[in-house]
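In: need a structure here:
(one chain, ligands or ions: 1)
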Amino acid sequence: MKERIARILLMSDSHCMVIPHWKQKGQTEKGAVGWIVEFFISIWKLFNFRFFKKALKKAGSMGRFDKVIYCGDLAECVWNERGMITTNDIHAIERFKALIELGIDVRVNDIHYIPGDHELGYILPLSCDPKGGISWRSINNFESLFGPLFSGFSIEDFHFLLLSSSLIIQSVEHLSERERKFIIRLRDNQYNFIRNYFACRKELGTVFLFLHDPDVLEAFHAQVLKYKVLCGGATLKAFCGHMHTEASLEKYQNLGHIARAISTKEKILRWLFNRNEKGKKVMQWAKDNLRRIELFKKYNLQIVPSTAGMMGRGGGFLILNLYSDGSYEIKKHKI
Ligand SMILES: [Fe+2]
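Out: Coordinates of the predicted model:
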């Protein structure tokens, strides 16, 4: 008889503000467009914490969970693109973490946090902070609060691989040589970890891959091909944060079409994007979106929704149920 063997709560991208959003540094470049963008983002940010608490209240009323996996961007820091580097960041994020631990019925050691861009630092294509990006300091702060950047565990024939997309995807060009080497070594360690993880598990059932930014699936897939780590015939399913709602995938695809520009409408839109340097950067990135979407399908990618959705729409969380016959089901819960 099929029995449930585990119940796992998946949450992501709450973007709780460590300081009021109007005090956050390095958000967008000013100028007419910058102000308009910032105005709408600010409205969304006003409600993030409220959505986070609503999500905790709802999940907290749903009984015991065996695990919680949080897919990154729990909080936004004092400096938008620098990750958790100030004491303010650490203290506020400690409080958000405590709310999860108090609000959800799960053992504290069974809560797993994947680092997001906002915890480790990142450089936006539309960046306006010359000191933004991943750093040794943000990594150390993350690890002392949440534990390792990458990890894995198994529940019977279900295997969970939790990775840091930032380690793979974020540029290290802005860093000193020492710091750059430190992060590159961590990146290599993560690749070794992936290879060893699969090497130790010859008889694979289902592998769930968790990461923040799904663009990293390309680099992951390259490792899979290079080292033939999945020759055991495992079923693979990826989960990511970062996109906030399933609907974002559609926008991602549309941008890809504009960057490829086959129709006249797409050519006009690409021309408009290419009129300034930042738009050009967006087009440069988006030209590979269609190729990546094919890979997303191959990995059966599922977006773990932001508790606040995209501008307040489509938010919630997922519950992953695992069964003794090797099957699983995923349910989305709106808040
Ligand atoms: Fe996010």
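In: Point me to the residue sitting closest to the centre of this structure.
Out: His212 (1.9 Å; C-alpha atoms, centre = their mean).
In: who touches that residue in this structure?
Out: His212 makes contacts with 71-73, 114-117, 164-166, 240-242, as judged by C-beta atoms under 8 Å, 6 or more residues apart in numbering. In short, each C-beta sits where N, CA and C put it, glycine included.
In: Apply 6 Å and report the result again.
Out: Cys71, Gly72, Ile114, Gly116, Ser165, Gly241, His242 (C-beta atoms under 6 Å, 6 or more residues apart in numbering).
In: Helices - which of those land there?
Out: Among the contacts of His212, the members falling in helices (DSSP state H) are Ser165.
In: Quick one: the contacts of His212 as CSV, columns for pLDDT too.
Out: Formatted as CSV, these follow (pLDDT from 0 to 100):
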residue, pLDDT
Cys71, 98
Gly72, 97
Ile114, 98
Gly116, 97
Ser165, 96
Gly241, 97
His242, 96
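In: For the contacts of His212, which PyMOL command selects only the ones that are buried?
Out: To isolate in PyMOL the members of these that are buried, counting by 16 or more other C-beta atoms under 10 Å, one can use:
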select buried, resi 71+72+114+116+165+241+242
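In: if you average pLDDT over stretch 284-297, what comes out?
Out: The average pLDDT within stretch 284-297 is 92.
In: Now do it: everything it contacts.
Out: Residues contacting stretch 284-297 (C-beta under 6 Å, 6+ apart): Leu217, His221, Tyr252, Gln253, Leu255, Gly256, Ala259.
In: Could you do stretch 303-323 as well?
Out: Contacts for stretch 303-323 (C-beta under 6 Å, 6+ apart): 2, 4-14, 44, 47-48, 51-52, 55, 71, 158, 239, 241, 243-247, 328-335.
In: Check those residues for burial and list the buried ones.
Out: So, by 16+ other C-beta under 10 Å, the buried ones in the contacts of stretch 303-323 are 5-14, 44, 48, 51-52, 55, 71, 158, 239, 241, 243-245, 328, 335.
In: Can you give me the buried ones in the helix or strand hosting Ala259?
Out: According to DSSP states H and E, Ala259 maps onto helix 247-260. Neighbour counts over helix 247-260 (16+ other C-beta under 10 Å) mark Ser248, Leu249, Tyr252, Gln253, Leu255, Gly256, His257, Ile258, Ala259, Arg260 as buried.
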